[in-house]
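In: Below is the structure, and that's it, no one-letter string:
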């Protein structure tokens, strides 16, 4: 008998639920226009709120969800620009070290190369200097974009905080600190490479000046012998 009563109660609940969900609540015309407009924004990718539950969401909850979306997208933008900037700095540093190596090889071979060999080495050095300039331009371009991403994240973090999404704000600020520390580490490597390049240029000036002076001394010593042979 108890099982029979449970069966009857279950059938009665299903019938009541079917009747309840078949009734559509009346929605004011102005509300229909509002939800229709918001839904059209969602199609364009500007919002990701589950609109089937829009009647149950307050303005505060919608603002908090929007703030969370902004922090997520700005964090993604920052991570991508950080990766691009670090790669650009790394490529620039490698190009600088390659130039340093070429210049040192040239300095070590002063007076040991034929004019053709020396000209060939200089062509390679000039080409590498162009590569360094190109890599530096790329580095500066990504650096500018990265600064914009950091500012965007800072704005998103502030917006999330005032909207009541404190955790999202804290997360974005953590991402900013991490990105800044990673970029600073990469910049230290590039600055070290630039310092070594400057030292190599100073060494190049000194070595070439010494080599030119030694050639002049040799020419002055050989000059009297030439005159003697003419006499």
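Out: Looks like it arrived, so ask away. Just so it is clear, the structure is predicted and the values come from calculations on it, not from any experiment.

In: I'd like the next helix or strand past whichever strand or helix holds residue 133.
Out: Here residue 133 is covered by helix 115-162, with elements defined by DSSP states H and E. Using DSSP H and E, the helix or strand that directly follows helix 115-162 along the chain is helix 166-230.

In: So which other helices or strands are in contact with that next one?
Out: helix 59-108, helix 115-162 (3 or more Cβ pairs under 8 Å, 6 or more residues apart in numbering; DSSP states H and E). In this view, the C-beta of every residue, glycine as well, is placed from N, C-alpha and C.

In: could you check the angle helix 166-230 makes with the first one?
Out: Angle of helix 59-108 versus helix 166-230, following axes from the mean of the first three to the mean of the last three Cα atoms, to 10 degrees, is 10 degrees.

In: just to revisit the earlier point, tabulate the helices and strands packed on helix 166-230 in CSV, adding columns for mean neighbour count and mean pLDDT.
Out: CSV is the format used below for the helices and strands packed on helix 166-230 (neighbours: other Cβ atoms under 10 Å; pLDDT from 0 to 100):
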stretch, mean neighbour count, mean pLDDT
helix 59-108, 18, 95
helix 115-162, 16, 95
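
In: For residue 185, find the nearest of those.
Out: Go through those one by one with Cβ to Cβ and the one that ends up closest to residue 185 is helix 59-108, at 8.5 Å.

In: Tell me, how many residues neighbour residue 208?
Out: Counted with other Cβ atoms under 10 Å, the neighbours of residue 208 add up to 13.

In: and the gap between it and residue 122?
Out: Per Cβ to Cβ, to the nearest Å, residue 208 is found 12 Å from residue 122.

In: One more: residue 170?
Out: On the measure of Cβ to Cβ, residue 170 and residue 122 end up 56 Å apart.

In: and of the helices and strands packed on helix 166-230, who's closest to residue 181?
Out: That would be helix 59-108 among the helices and strands packed on helix 166-230, by Cβ to Cβ, at 10.3 Å.

In: Return the list of helices and strands in contact with that closest one.
Out: Helix 59-108 makes packing contacts with helix 115-162, helix 166-230 when contacts are defined by 3+ Cβ pairs under 8 Å, 6+ apart.

In: show me the contacts for the nearest residue to residue 90 once chain neighbours are set aside.
Out: Excluding the flanking residues, the one nearest residue 90 by Cβ to Cβ, 6 or more residues apart in numbering is residue 186, at 6.5 Å. Residue 186 makes contact with 85, 86, 89, 90, 93 under the criterion Cβ atoms under 8 Å, 6 or more residues apart in numbering.

In: Same question for residue 71.
Out: Residues near residue 71 by Cβ under 8 Å, 6+ apart: 153, 156, 157, 159, 160, 165, 168, 169, 171, 172.

In: Now do the residue nearest to it when sequence neighbours are not counted: how many residues are near it, please.
Out: Spatial nearest neighbour of residue 71, chain neighbours left out: residue 168 (4.4 Å); criterion: Cβ to Cβ, 6+ apart. Applying other Cβ under 10 Å, we find 23 other residues in the vicinity of residue 168.

In: which residues sit in contact with residue 168?
Out: 67, 68, 71, 72, 157, 160.

In: What of residue 142?
Out: Per Cβ under 8 Å, 6+ apart, neighbours of residue 142: 81, 84, 85, 88.
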